[in-house]
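Asker: need a structure here:
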Amino acid sequence: MAIQLPNLVNPAMLGKLDPKARRSLLVALFTLMLLRGRIADLPKSIFARLRNVTVRQEVSQEELARALQQVYVDEPDGSKTLLVPHKGHISKVTIKSTPASVIAENAKRFPLVPASHKPNLDKTFLRQLLAIFRIAIPSWRSKEALILVSHSFFLVLRTVLSVAVARLDGRIVRDLVSADGWGFLRGLGFWFLLSVPSTYTNSMIRHLQAKLSLRMRTRLTRYTDDLYLSSAPDLRYYRVPLEGGLDDVDQYITSDIAAFCDALAGIYGNVLKPSLDLVLFTSQLSRSLGIRGTAMLFMNYYLTARILRAVTPAFGRLAAVEARLEGEYRAGMGRVGRESEEVAFYGGGLRERNILWRAYLRLIKHVNSIYKIRIAYEWTEDFVIKYLWSAAGYCLISIPVFLTRRRHVGVQAPAKPREGVDNEVANRTETYISSRRLLLSLADAGGRLMYAYKDLLELAGLTTRLYTLLSTLHNLPPLPVPPSAGEHGDVVALRNVDVGVPTTAPAFAANEDASASETGSSKGAGTVLVRGLSLELVPGEHLMITGSNGVGKTAIARVLAGLWAAQGGGEVRRPLGKSGVFVVPQRAYMVTGTLLDQIIYPDSYPQFVASGKTYKDLMEILTAVNLAYLPAREGGWTTRKEWRDVLSGGEKQRMGMARVFYHRPKFAILDECTSAVSSDVEGRMYEHAKSLGITLITISLRPALMRYHTQLLTVAGDGTGRWTLKRIGTAEERMDLDREIVSLEGRLAEVARWEARLRELERLLSVQEA
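Answerer: Just a heads-up that it's a prediction; the model follows:
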């Protein structure tokens, strides 16, 4: 296909041009001649690309299963590409983690708010909204900013079209009154022409508002997840309830972020569009109302604002309380779902129903109180906006009719002069119709602005809740990082450490103290469970921690694992990462995913592939924990089930030990993680762990497990925090065992006397029955 270029290179034409223009024209023509082949092929390439985008080839079931198992692909730049199977295809979504520098920069904008702060439309609200807005729309080159600009364009276009419709409405009625048939038909044609962009503009406004809300929610959710689900040494997801004093975080991240984004996207349109309407409609009406009418119009604005401001309740505080009560009710429902088996064993369904019903009644009582408050407010608002403004509109329209002589001036289109026809009535009708439509639109804009004030108060409440979450996450200090092992090698050591329940972080404690000084209450210090604990473990030195319930055995494990900070100025040393110290809790956690995911947790499938391990290795691990039957029973490694409900208590605990054998850490902390496992299987797992070179730190009350350890740490339960550490197999331990043997032998010596007493009691009972 060749392109025929017109004969533009005319010497006479070139001679008339100045040298610079002539040079530019020649360069343009020469470039066009060079690119004419590519320009001709451009439509073909565009259609080919569109065909490739719209017509996607379906992938096989094996590829879909592999994508579902793999979940994501690691990219060279550190980002991850999520693989989302959908309708026979695999969609790819790129996820980039929030850089630590961005989080550190944003932390400066999120200082803690005093606990006594109440949401309201003030400087604090604007500062909080701006800080969150910087996260939702990080730059003006982002997609969110483009959607916002497009949304603003259509809002302005809608106002311009409203003015054009008002003018056209007056022209149509004028032509109808003056019996101008051709003018009426011409106006009707323009009416249908305006209907196309008007309806499209309304649809785009709703679409872009929903799109903007969804984009902001995605941006805020990703940022909050990166902040909340942080790895060591932050561990905010674990420490926020205890040290940050923030409960029901799931309500904040799911419902509150969505409600905030919907409110923010809606409030933008509900403020910008009515404000622009007020400016443009007022300027249009001022042409027909004159100075006195315009002054009365602004007086109407002022009186309306004063009346509604005086009767507006504190919707921001009410919305914040409603969100909190909604979170409490949701948390109760989640608790019953998580603990359903335990509740069923106890037969506590009625009790849980009463607890949930009480939480629901608190929520409903608050919502009903809001509805009652809204009755008076909405009655006043509707009266002012609908009826008072309508009456004021009639009075304003009558001003040019009764008080001025230029009764034909208004928002109108010039009409053709027709001989013998008096256009005074037609012009007055046009002025009335156009002004009335503008006044109706103006009343609607004013009403939406007044409604927006209520929406702003509710937005203030949601902003305060979301800001509270983000400020708490930003200001939670990281846990202290233990010094590297250095020349000491792989070692777990505690030096004069006080083990106690963590207290509120200092930044949050200052806020609590400030609020406590106002209310007259205070919060006590944390409880120290173990005082001055010192120990050192090298590879091969297995430790068993024992003691009565509630003395702090698991607290020691939390300090060793880095979940709790050491108190009392002590020092903690341990290898970092899951290859250093791996913890298996008593309550086994089953992750959402396949059977393979249960064994390799917290690794993912790509990490499993990169490690070089095979399914044969996994089968050997399952054999070591007596779970070799699981793949065949459950349908293979890629089977997806709710494993928390499928596996029994003993199987879940053995799965926890399988994770230890998979990761092969230097030290493994086993916190009563075999309490539901039989003694013979338990012994084999302990022997297998030692054969893999794993140093065991066991928390248990079973004396039979002492044989697998070399040291015994006993925590006293007298409230003093005392402890004793001794080596198993020493003379001291043998002396303790000898004393226990003597005690048991003494009891065995009394068996004959107890049996004689038993026979005597049976004889007496038989005599009484006879």
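Asker: export stretch 334-354 to CSV, keeping only CA atoms.
Answerer: Extracted in CSV, the C-alpha atoms of stretch 334-354 (Å, rounded to 0.1, in the frame of the first residue of the first chain):
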residue,chain,number,x,y,z
GLY,A,334,-15.4,-14.0,64.4
ARG,A,335,-14.6,-15.3,67.9
VAL,A,336,-17.5,-17.8,67.7
GLY,A,337,-16.5,-18.9,64.3
ARG,A,338,-12.9,-19.5,65.4
GLU,A,339,-13.8,-21.3,68.7
SER,A,340,-16.9,-23.1,67.4
GLU,A,341,-15.6,-26.6,68.4
GLU,A,342,-14.7,-25.5,72.0
VAL,A,343,-18.0,-23.7,72.4
ALA,A,344,-19.8,-26.8,71.1
PHE,A,345,-17.9,-29.0,73.6
TYR,A,346,-19.0,-26.8,76.5
GLY,A,347,-22.5,-26.4,75.1
GLY,A,348,-22.1,-22.7,75.3
GLY,A,349,-24.3,-21.7,72.3
LEU,A,350,-26.9,-20.0,74.5
ARG,A,351,-24.2,-18.1,76.4
GLU,A,352,-22.5,-16.9,73.2
ARG,A,353,-25.8,-15.9,71.8
ASN,A,354,-26.5,-13.8,74.8
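Asker: just the buried positions in it, please.
Answerer: By neighbour count on 16 or more other CB atoms under 10 Å, the buried set for stretch 334-354 is Val343, Glu352. C-beta: built from backbone N, CA, C; applies to glycine.
Asker: centre of the chain to it, how far?
Answerer: Its chain's average C-alpha position is 27 Å from that of stretch 334-354, according to CA atoms, centre = their mean, to the nearest Å.
Asker: now do stretch 73-87
Answerer: Per CA atoms, centre = their mean, the centroid offset for stretch 73-87 relative to its chain is 20 Å.
Asker: secondary structure class for Leu563?
Answerer: coil (DSSP: H, G, I helix; E, B strand; the rest coil).
Asker: what about it, how many neighbours?
Answerer: 16 (other CB atoms under 10 Å).
Asker: tell me the pLDDT at it?
Answerer: pLDDT for Leu563: 87.
Asker: what's the answer for Thr527, then?
Answerer: The per-residue pLDDT reported for Thr527 equals 79.
Asker: ok, the closest residue to it other than its chain neighbours - contacts?
Answerer: Excluding its sequence neighbours, the residue lying closest to Thr527 (CB to CB, 6 or more residues apart in numbering) is Val501, at 5.1 Å. Contacts for Val501 were tallied using CB atoms under 8 Å, 6 or more residues apart in numbering; they are Leu242, Gly526, Thr527, Leu529, Ala555.
Asker: and the two most separated of those residues?
Answerer: Taking CB to CB, the two most distant members of these are Leu242 and Leu529; they sit 14.7 Å apart.
Asker: more neighbours: which of those two?
Answerer: Leu529 (23 against 15).
Asker: tell me where the stretch 251-400 of the chain has helices.
Answerer: Here the stretch 251-400 of the chain has its helices, by DSSP state H, counting those that start in this stretch, at 257-311, 315-338, 340-346, 349-382, 389-402.
Asker: pLDDT weak spots in the stretch 1-150 of the chain?
Answerer: When residues are selected by pLDDT under 70, those of the stretch 1-150 of the chain lie in 1-58, 87.
Asker: at 50 what do you get?
Answerer: 1-9, 14, 54 (pLDDT under 50).
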